[in-house]
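A.B. asks: Sequence first, then the predicted structure:
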Amino acid sequence: MTTSIEALVPRLREICGAGNVITDRLELRTYECDGLTSHRSVPALVVLPGAAAEVASVVAACAAAGVPFVARGSGTGLSGGALPHKDGVLIVMSRMRSVIEIDPVSRRAIVEPGVTNLSVSKAAAPFGLFYAPDPSSQVICSIGGNVAENSGGAHCLKHGFTVNHVTGLQIVTPSGELAWLGDGTGVTAGYDLLGAFIGSEGTLGIVTKVVVKLMPLPEVVHTLLAAYATTSEGGRAVSDIIGAGIVPAAIEMMDALSIEAAEAAVQCNYPEGAGAVLIVELDGPASEVEAELATVRSLCEKAGATEIRAADDPAQRAVIWAGRKSAFAAVGRISPAFIVQDGVVPRTSLGAVLARIASLSASSGIRVANVFHAGDGNLHPLVLYDDSVPGETEAAEELSGAILDACLEQGGSITGEHGVGVDKSRYMPKMFGPADLDTMQLVRCAFDPVSLCNPGKVFPTPRLCGEVPGHRRAPHPAVAAGQAEIF
Ligand SMILES: Cc1cc2nc3c(=O)[nH]c(=O)nc-3n(C[C@H](O)[C@H](O)[C@H](O)COP(=O)(O)OP(=O)(O)OC[C@H]3O[C@@H](n4cnc5c(N)ncnc54)[C@H](O)[C@@H]3O)c2cc1C
């Protein structure tokens, strides 16, 4: 522990209570990584504040001492966004988990950031309302983490991402002041600072209250599962459905390897021998859904479906979803280690990129299972490898990077919903030019001129220098001379 952190301990105990400040090395290791376990760093100190005012005082104390700090929700992030700073304070939001208010008239909820995503919908259900963004991790991930990552989910195709459902945030600025962004109505005047904050991966401040929109529970929900011999046939069905002007609540696809993994894990009983399954969910007023269902079924058949199953009651629908929802974890059954990649391509390029992934997999001998939000063109290739075999980790990482290159070549993105974090900062210069990165850095500096708030994330850093606080400068001479890499 550095001397500046040691000096902070009594003050932090005073703010949060001694039991909510962790200094024991073994206990600190609990927090050494998020869902991306290949990056680990033990924090110098962990605090668990119980209220917004405590978060503000903790941040103010860190800022005064020049100590870096990182917010952590439930630690399910997949890009290392909540990776602690080894000389910094990790501020864990899990004690702040109250649903403060459900207002059924204005259809909104005010919640603390540690509340899990699914708890918001559970609290709203008695009023006939729900919170739409639904990451597959919704049982455990926190709303604060969702805001920081602008999280998506299967139903974001129709309903939109987190940014479309948050109308106000109480934040603690990186200097330790409490402030509000947005007034909770969704109407803004002036610059959209709320929009800038959502998806900023914990680099612009810490969320302490969230105002979210609630939507009426749909009158009916129909889920349809269609099996195909190949992903390209399933892809054709996706294009045809969207081309027909139908926007389903969700369109998800899984390939043969991910079906095999899900079958081993949850016995989802998907059609035997299927090379791909497509899950299409329609929700809304009964008459509209019935009409759309007939069209979707016929388009799925025309695209070559070998079997179609439909379900409209919650238990049967849950059976269809079980395989998809378990897919990431299920892959652990068929491989000792795997990388969850997250890239986006225009929907029309899905076939080309899947073919490229198959050829990269064949030439490298590394298996790739594909699970994806097909309607959004958001791919989640799962790169399977054995980390006990020398060289396989590096080969898997290389393949995973080549998949992102393929997404960029098609005009796509290096992330759809899992964020940049530490994992993908090296890809940022492939997607953005220096002027774009400078502009983003200006935004960051407007909130946090000394880069104490979640430093080392999102932005590429000259390898020899470490992160340089403040505005992005001209390239380091070693970088300009080609002697050091930006990563
Ligand atoms: C099995 C599995 C399935 C997943 N499925 C999806 C999916 O379908 N869609 C999707 O988008 N993601 C998915 N994820 C990724 C992950 O669950 C989301 O990114 C989620 O929003 C992270 O929330 P968290 O509470 O775990 O945040 P953490 O991992 O703790 O933190 C994530 C980031 O948020 C910041 N942060 C956390 N709390 C705050 C706060 N209060 N204020 C400011 N910054 C904060 C952290 O600093 C970090 O940068 C999945 C993950 C897993 C493991």
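C.D. replies: Perfect, I can see it now.

A.B. asks: Now name the helix or strand holding the residue most central in space within the chain.
C.D. replies: The structure's the chain has its C-alpha centroid closest to residue 418; by C-alpha atoms, centre = their mean the separation is 3.1 Å. Under the assignment given by DSSP states H and E, residue 418 is not contained in any helix or strand.

A.B. asks: give the contact list for it.
C.D. replies: Each residue near residue 418 by C-beta atoms under 8 Å, 6 or more residues apart in numbering is listed here: 77, 78, 79, 149, 340, 342. C-beta coordinates here come from the backbone N, C-alpha and C atoms, glycine included.

A.B. asks: do the same with residue 212
C.D. replies: 108, 109, 111, 120, 131, 143, 165, 166, 167.

A.B. asks: Distance-wise, check the fifth one relative to residue 146.
C.D. replies: So that's residue 131. For residue 131, the distance to residue 146 under the criterion C-beta to C-beta, to the nearest Å works out to 10 Å.

A.B. asks: These two - which one has more neighbours?
C.D. replies: Applying other C-beta atoms under 10 Å to residue 131 and residue 146 shows that residue 146 carries more neighbours, namely 34 against 26.

A.B. asks: model confidence over the helix or strand hosting the more buried one, on average?
C.D. replies: Taking DSSP H and E as the criterion, residue 146 maps to helix 143-149. Averaged across helix 143-149, the pLDDT comes to 98.

A.B. asks: which helices and strands sit right next to the helix or strand just after it?
C.D. replies: Moving toward the C-terminus from helix 143-149, the next helix or strand (DSSP H and E) is helix 156-159. Of the remaining helices and strands, those touching helix 156-159 by 3 or more C-beta pairs under 8 Å, 6 or more residues apart in numbering; DSSP states H and E are strand 250-255.

A.B. asks: if you set the cut-off to 7 Å instead, what comes out?
C.D. replies: The elements that helix 156-159 packs onto, with contact taken as 3 or more C-beta pairs under 7 Å, 6 or more residues apart in numbering; DSSP states H and E, do not include any helix or strand.

A.B. asks: Give me the contact list for that helix.
C.D. replies: Contacts made with helix 156-159 from outside it, assessed by C-beta atoms under 7 Å, 6 or more residues apart in numbering, are listed as 132, 133, 247, 248, 249, 250, 251, 373, 375, 376.

A.B. asks: Using CSV, list the CA coordinates for it.
C.D. replies: Backbone C-alpha positions of helix 156-159 (Å, rounded to 0.1, in the frame of the first residue of the first chain) are rendered in CSV as follows:
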residue,chain,number,x,y,z
CYS,A,156,-32.9,-4.0,-27.4
LEU,A,157,-33.5,-4.6,-31.1
LYS,A,158,-37.1,-3.2,-30.6
HIS,A,159,-36.8,-1.3,-27.4
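
A.B. asks: Off-centre distance for it?
C.D. replies: Once both centres are worked out by C-alpha atoms, centre = their mean, to the nearest Å, helix 156-159 turns out to sit 15 Å from its chain's centre.

A.B. asks: Does that helix reach the ligand?
C.D. replies: No - contact of helix 156-159 with the ligand is not found when judged by C-beta under 6 Å from any ligand atom; the minimum separation is 8.0 Å.

A.B. asks: does the ligand sit close to the helix or strand just after that helix?
C.D. replies: In the C-terminal direction, the helix or strand that comes right after helix 156-159 (DSSP H and E) is strand 166-172. No - in this structure, strand 166-172 remains apart from the ligand according to C-beta under 6 Å from any ligand atom; the gap is never smaller than 7.4 Å.

A.B. asks: which residue ranges form the helices in the stretch 151-300 of the chain?
C.D. replies: Using DSSP state H, counting those that start in this stretch, the helices of the stretch 151-300 of the chain run over 156-159, 193-197, 231-243, 256-266, 286-302.

A.B. asks: so which of those helices gets nearest residue 333?
C.D. replies: For the helices of the stretch 151-300 of the chain, proximity to residue 333 was assessed by C-beta to C-beta; helix 256-266 is nearest, at 4.6 Å.

A.B. asks: How about that closest one and the ligand, any contact?
C.D. replies: No - residues of helix 256-266 are not located near the ligand by C-beta under 6 Å from any ligand atom, the shortest gap being 12.0 Å.
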